[in-house]
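Pasting the sequence and the predicted coordinates here, then a few questions.
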Amino acid sequence: MQLTMQKRVAARLLKVGLSRVRVVQDKQVDEALTREDIRQLIGKGLIYAVQKKGTSRADANVRLRQKKKGLRKGIGSRKGRKGARTKTKRVWIRQVRGMRSLLASLRDDKMIEKADYKKIYYMVKGNAFRNKAHLLFYLKENEYLAEKAARKAK
């Protein structure tokens, strides 16, 4: 039984292509001749349109979850210069704030004197230290911390 005419009319009514129209094998469908007949069959569910196939987001969601964990950030995934991903000024601000807060806590705990604090503060501003560990190394090396620790022990 050929249903090409019914399919063609149904495609027009459903506003889809011929390939998406599905027809249930039934005598009523075979006897349908007018658009009104086909409209009724669509209402009954004997003729229907198959849903369009979409692109799955499953893989994309997996990737997003990995990116949230901090993965997929290797050299091959990067575009733009190093300074374009995190501005050099932002990096500088983050480093200097960390060193300054360390200095302030050492001063408040009376581990270094105010005069030493000021001197080292300006050294931090002048980019004399790479990071907090380097700053602490400098303080121990030049006995800014050792003096205070010895005084505290007495």
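Received the coordinates, thanks.

Can I get stretch 109-126 as CSV, trimmed to CA atoms?
Below are the C-alpha coordinates for stretch 109-126, written out as CSV (Å, rounded to 0.1, in the frame of the first residue of the first chain):
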residue,chain,number,x,y,z
ASP,A,109,53.6,40.4,66.1
LYS,A,110,56.7,42.6,66.9
MET,A,111,58.9,40.2,64.9
ILE,A,112,60.4,43.2,63.0
GLU,A,113,60.8,46.8,64.1
LYS,A,114,59.0,49.7,62.5
ALA,A,115,62.1,51.1,60.9
ASP,A,116,63.0,47.7,59.4
TYR,A,117,59.4,47.3,58.3
LYS,A,118,59.5,50.6,56.4
LYS,A,119,62.8,49.7,54.7
ILE,A,120,61.6,46.3,53.6
TYR,A,121,58.2,47.7,52.5
TYR,A,122,60.0,49.9,50.0
MET,A,123,62.1,47.0,48.9
VAL,A,124,58.9,45.1,48.2
LYS,A,125,57.6,48.1,46.2
GLY,A,126,60.8,48.2,44.3
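
Pull out the buried positions in that stretch.
Using 16 or more other CB atoms under 10 Å as the test for burial, stretch 109-126 gives 111-112, 116-117, 120, 124. Heads up, the C-betas are built off the backbone N, CA and C, glycines and all.

Tell me, how many residues neighbour residue 21?
The number of residues packed around residue 21, counting by other CB atoms under 10 Å, is 22.

What of residue 128?
Using other CB under 10 Å, residue 128 has 13 neighbouring residues.

Spatially nearest residue to it (excluding sequence neighbours)?
Here the nearest residue to residue 128 in space, its sequence neighbours aside, is residue 138; by CB to CB, 6 or more residues apart in numbering that works out to 7.7 Å.

The one you found reaches residue 129, doesn't it?
Yes: counting by CB atoms under 8 Å, a contact exists between residue 138 and residue 129, whose distance comes to 6.4 Å.

contact partners of stretch 45-52?
6, 10, 14, 16, 20-24, 26, 28-29, 38, 41-42 (CB atoms under 8 Å, 6 or more residues apart in numbering).

Against residue 2, how distant is the residue lying farthest from the centre of the chain?
No residue in the chain sits farther from the centre than residue 31, which is 57.0 Å out by CA atoms, centre = their mean. Shown here: residue 31 relative to residue 2, a distance of 13 Å by CB to CB, to the nearest Å.
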